[in-house]
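S.K.: pasting a predicted model and its sequence here:
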Amino acid sequence: MIGAFAEAIRATTQPCTLLLVLPPLVATILTRGRWIPLGASLVAAVLGGWLYAANVFALNAAQLQASGVIVAGVLMVTAGAPHVERLRWCSTPSAQAALSASITFAATLWWRPCVGSQLGALLTDASRSVPSALPGMTAYMLGAMAPVVLAALLIRAVEPGPGASVWMVRGAGVVGLVVAGSMAMGTHDQLVSTLTRWTLS
Amino acid sequence: MIDGNRWVAAVGAVAVSAIIAGVALTSADNDDQPARATPAPAPDQTQGGDLVEAPDTPELPDRGLHPELREIDGWLHSDVTSLEELRGQVVAVQFWTFGCRNCRATLPHMQALYRNYSNSGLEIVGVHAPEFDHEAEIANIEEAADELGVTWPIALDPTKRTFHSWQEGPTGHWPRIYLLDRDGHIRYDHIGEGRYDEIDAAVRALLAEPA
């Protein structure tokens, strides 16, 4: 369990984990690190990890593009909710939790992991018996979400002022839209491929 | 004056940062270590020149004849064109792609396996299934194989038909190794890096089985 947790943390520095970590990170920043959306993201990440281990479902290329469009829309709603009267209801904790969870769950469907020794052992075990791999997958997914938790804690500790908050949200929104947009346009492979080649060279 | 919630968040942030930094530093230390090479069979694992099962041999259930290689676009380092031609040998089929960091990490072990057991009847077939477009170009595969020391036969699977037909479910994994017995039946598989001792033991056990 600890090994899986640690391997996942190490994987967050690799391009292969980018599509898993960036969307919930953006969602966490957009929701100002609030606990309920963060908790919902963590639950969604774990459930997505379980689904990945069960190996019963994967999006095809067209579905990946559609999911990118949906996530881009969800991100815009999340970012705009505090500022747009019609979207004000989306600023409630429960609505933010649902938005964050949906973004994170989509990210788990986009994820093509680095299969290191710990995750490899978990997936091998899961190919024989899914339930036996679930505790390890839980630890792995929580490890992968460590940067997201860190971002939430930093935001809460620092409590940036209104000016800094605006720039933080704008920056996160741009990153989120680039990621979701690359999914929507089907160019995410090029993004990850380029980053992978940089890190290998 | 900082309120209690901010203190808790700050302490939490420091703790999570420390965990991430600790793991990253441990990882950096490990990256400096060469991948462990598989030892040759210990003397007590042979009797009169015959390989016998090691005590840590994993279960090797017969999972039936291997699926066929589909839409293979050629072979490198080999005159072989099918797995059927390798009947009578124990075959390690590894799905890999040269741009995959985890695949690369397994190569020292694969090299050691090839070095230690190819004379005893082991053949390795690397099924190269590209993850990204540039990994599908043969010139890039040849260059990477030379650079990485992959000297065993490579079957080119640019459409990933073989990759997906061998791996059940909608998701396939790099790397993944299957061990076939002398009759071409799948007896062992493992996803990802690691479990090198177990793979060695399985190879020894399969080599020790009568032809």
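M.R.: Good, I have the coordinates.

S.K.: helices along the chain, start to end?
M.R.: No chain was given, so I picked chain A. A:2-11, A:18-30, A:35-54, A:61-80, A:93-110, A:117-128, A:130-144, A:146-158, A:162-185, A:188-200 (DSSP state H).

S.K.: chain B, not that one
M.R.: B:4-31, B:101-117, B:138-148, B:161-166, B:196-208.

S.K.: now distance to chain A, mean neighbour count and mean pLDDT too, for the ones you listed, in TSV please.
M.R.: No exception for glycine: its C-beta is placed from N, CA and C like everyone else's. Formatted as TSV, these follow (distance: least, C-beta to the nearest C-beta, whole Å; neighbours: other C-beta atoms under 10 Å in any protein chain shown; pLDDT from 0 to 100):
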stretch	distance to chain A	mean neighbour count	mean pLDDT
helix B:4-31	4	14	76
helix B:101-117	5	20	95
helix B:138-148	10	14	96
helix B:161-166	10	19	94
helix B:196-208	9	22	96
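
S.K.: what residue is smack in the middle of the chain?
M.R.: Because you didn't say which chain, this covers chain A. The centroid of chain A falls nearest to A:P24 when counting by C-alpha atoms, centre = their mean (3.6 Å).

S.K.: that was the other one, I meant chain B.
M.R.: With distances taken as C-alpha atoms, centre = their mean, the residue of chain B nearest its centroid is B:I177 (4.5 Å).

S.K.: how about the residue nearest to it when sequence neighbours are not counted, what does it touch?
M.R.: Take B:I177 and drop its neighbours on the chain: the residue closest to it by C-beta to C-beta, 6 or more residues apart in numbering or on different chains is B:Q94, 4.7 Å away. B:Q94 makes contacts with B:T106, B:M110, B:I124, B:V125, B:G126, B:V127, B:P175, B:R176, B:I177, B:Y178, as judged by C-beta atoms under 8 Å, 6 or more residues apart in numbering or on different chains.

S.K.: B:Y114 now?
M.R.: So B:Y114 contacts B:L122, B:I124, B:T151, B:W152 (C-beta under 8 Å, 6+ apart).

S.K.: so which of those sit within strands?
M.R.: Using DSSP state E, B:L122, B:I124 are the members of the contacts of B:Y114 that sit in strands.

S.K.: closest to chain A among the contacts of B:Y114?
M.R.: B:I124 (18.3 Å; C-beta to the nearest C-beta).

S.K.: pLDDT wise, what is the one residue in chain B that gets nearest to chain A at?
M.R.: Nearest to chain A, among the residues of chain B, is B:G192, at 1.6 Å (C-beta to the nearest C-beta). Model confidence at B:G192, given as pLDDT, is 93.

S.K.: count the residues that sit near it.
M.R.: For B:G192, the count of nearby residues is 27 (other C-beta atoms under 10 Å in any protein chain shown).

S.K.: just give the nearest non-adjacent residue to whichever residue of chain A sits closest to chain B, would you?
M.R.: Residue of chain A nearest chain B, by C-beta to the nearest C-beta: A:G120 (1.6 Å). Spatial nearest neighbour of A:G120, excluding adjacent residues (C-beta to C-beta, 6+ apart): B:G192 at 1.6 Å.

S.K.: for that neighbour, give me its contacts.
M.R.: A:V115, A:G116, A:S117, A:L119, A:G120, A:A121, A:L123, A:T124, B:N102, B:H173, B:P175, B:R176.

S.K.: make a PyMOL selection of the buried ones in these.
M.R.: Per 16 or more other C-beta atoms under 10 Å in any protein chain shown, the buried members of the contacts of B:G192 correspond to this PyMOL selection:
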select buried, (chain A and resi 115+116+117+119+120+121+123+124) or (chain B and resi 102+173+175+176)
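
S.K.: TSV for the contacts of B:G192, including distance to B:A13?
M.R.: Converted to TSV, the contacts of B:G192 look like this (distance: C-beta to C-beta, whole Å):
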residue	distance to B:A13
A:V115	30
A:G116	26
A:S117	29
A:L119	26
A:G120	31
A:A121	31
A:L123	32
A:T124	35
B:N102	31
B:H173	34
B:P175	36
B:R176	38
